[in-house]
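Visitor: Predicted structure and sequence below. I'll ask about it afterward.
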Amino acid sequence: MDMTSKTVMITGASRGIGAEAARVFANAGANVVLLARSQDDIAALAGEIGERAIAIPCNVARYSEMAAAVAITVKEFGGLDVLINNAGVVDPISNLEGADPDAWGQLIDINVKGVFNGIHAALPALKEGGGSVLTISSGAAHNAIEGWSAYCTSKAAVNMLNRSLHLEESANGIRAIGLSPGTVATEMQRKIKASGINAVSQLDWDVHIPADWPAKCLLWMCSAEADQYCGEEISLRDDDIRRAVGLI
C-alpha cells in the first residue's frame, strides 16, 4: 500500500499500536502526525521517523486541543487523509460497586469523547478529498467482562460512533472502519495482567500478538480491498483478515 503524499493523524501515538502504526505508515510513504499527552515520547518518535513526522501534544478528551491539532496538520501538510482513533485507556479496572466515579468518567472522556472529538474536528479536512477514519475497537464492545464496565461501555459506544459516521458520511467519501485487534502485547496488557481480574488477566504473555500486526492491518484498511468493511468492524482474530493483511 503506497501512502506517498498522504497524511495520517494517529492519536495515542506515544507507544503500542499507535507508535507502530506511525512507523508502518511512514515506511509506506505517508506524512504522520503523532498525537499524545506524552510530549517527550512522541517527540522522540518523530525524531526517529524524520521530517515527514510531526509531534503535537494533545489530550483527545479536550475538543479545543483536537481541533488545534487538525489545524496544525492542515497547515503543515496541506490536508488530512486518514484519522486513526487509537487513544484509549483500560483503567479503572474494578467491579461496579467499588469503581471510582471520577475515574470511570475520565475513561469515558478519553475513549468515547476522544473519538468523537477526533471525528468532529477532522471531518471537514477529510471530506476535501475523501478520507478514512479507522477506529480501534475491541471484543469488549460486544461481550461484558468482569471489572471492565467502563472499558466495555466505551468500546460499545465507539462501535456505534463508527456505524453512525458511515451512515451519515459515506456518501461524502468517508470510509469508516473499526478494528478489533484482539489481545496485543502492549502496556495496557501489563495493567490488565497486574489487576488479576477476569480471564484476560490470566492469559500467558506469549498469546498476545505484537503491536505491529494491528499497525499493518490499519495500513491495509486504507486499501480498496477493505472497502467491503466500511461501516463495520473487522477482527484481527479472523484468519481471513490476517491472510489479507499478509500476516499468515
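Guide: Good, I have the coordinates. Numbering: from 1, shown residues only.
Visitor: buried sites along stretch 70-87?
Guide: Going by neighbour count (16 or more other CB atoms under 10 Å), the buried part of stretch 70-87 is Val70, Thr73, Val74, Phe77, Leu80, Asp81, Val82, Leu83, Ile84, Asn85, Asn86, Ala87. The way it works is simple: take the backbone N, C-alpha and C, and place the C-beta from them, glycine included.
Visitor: would you list those in a markdown table and tack on secondary structure?
Guide: Shown next, in a markdown table, are those (DSSP: H, G, I helix; E, B strand; the rest coil):
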| residue | secondary structure |
| --- | --- |
| Val70 | helix |
| Thr73 | helix |
| Val74 | helix |
| Phe77 | helix |
| Leu80 | coil |
| Asp81 | coil |
| Val82 | strand |
| Leu83 | strand |
| Ile84 | strand |
| Asn85 | strand |
| Asn86 | coil |
| Ala87 | coil |
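Visitor: Out of these, which is nearest to Ala61?
Guide: Here the nearest of these to Ala61, counting by CB to CB, is Ala87; it sits at 8.8 Å.
Visitor: Can you tell me the closest non-neighbouring residue to the closest one?
Guide: Excluding the flanking residues, the one nearest Ala87 by CB to CB, 6 or more residues apart in numbering is Gly12, at 3.2 Å.
Visitor: Help me confirm that the one you found comes into contact with Asp41.
Guide: No: counting by CB atoms under 8 Å, no contact exists between Gly12 and Asp41, whose distance comes to 10.6 Å.
Visitor: what ranges do the strands span in this protein?
Guide: All strands of the chain, identified by DSSP state E, fall at 7-11, 31-36, 53-57, 82-85, 132-136, 175-180, 233-235.
Visitor: same for the fourth one, what does it pack against?
Guide: Applying 3 or more CB pairs under 8 Å, 6 or more residues apart in numbering; DSSP states H and E, one finds that strand 82-85 contacts strand 7-11, helix 16-27, helix 114-126, strand 132-136.
Visitor: Give me the buried positions along the longest one.
Guide: What that stands for is helix 114-126. Gly114, Val115, Phe116, Asn117, Gly118, Ile119, Ala121, Ala122, Leu123, Ala125, Leu126.
Visitor: One more: stretch 229-245?
Guide: Neighbour-count burial for stretch 229-245, with 16+ other CB under 10 Å as criterion, is recorded at Tyr229, Cys230, Gly231, Glu233, Ile234, Ser235, Leu236, Ile241, Arg242, Ala244, Val245.
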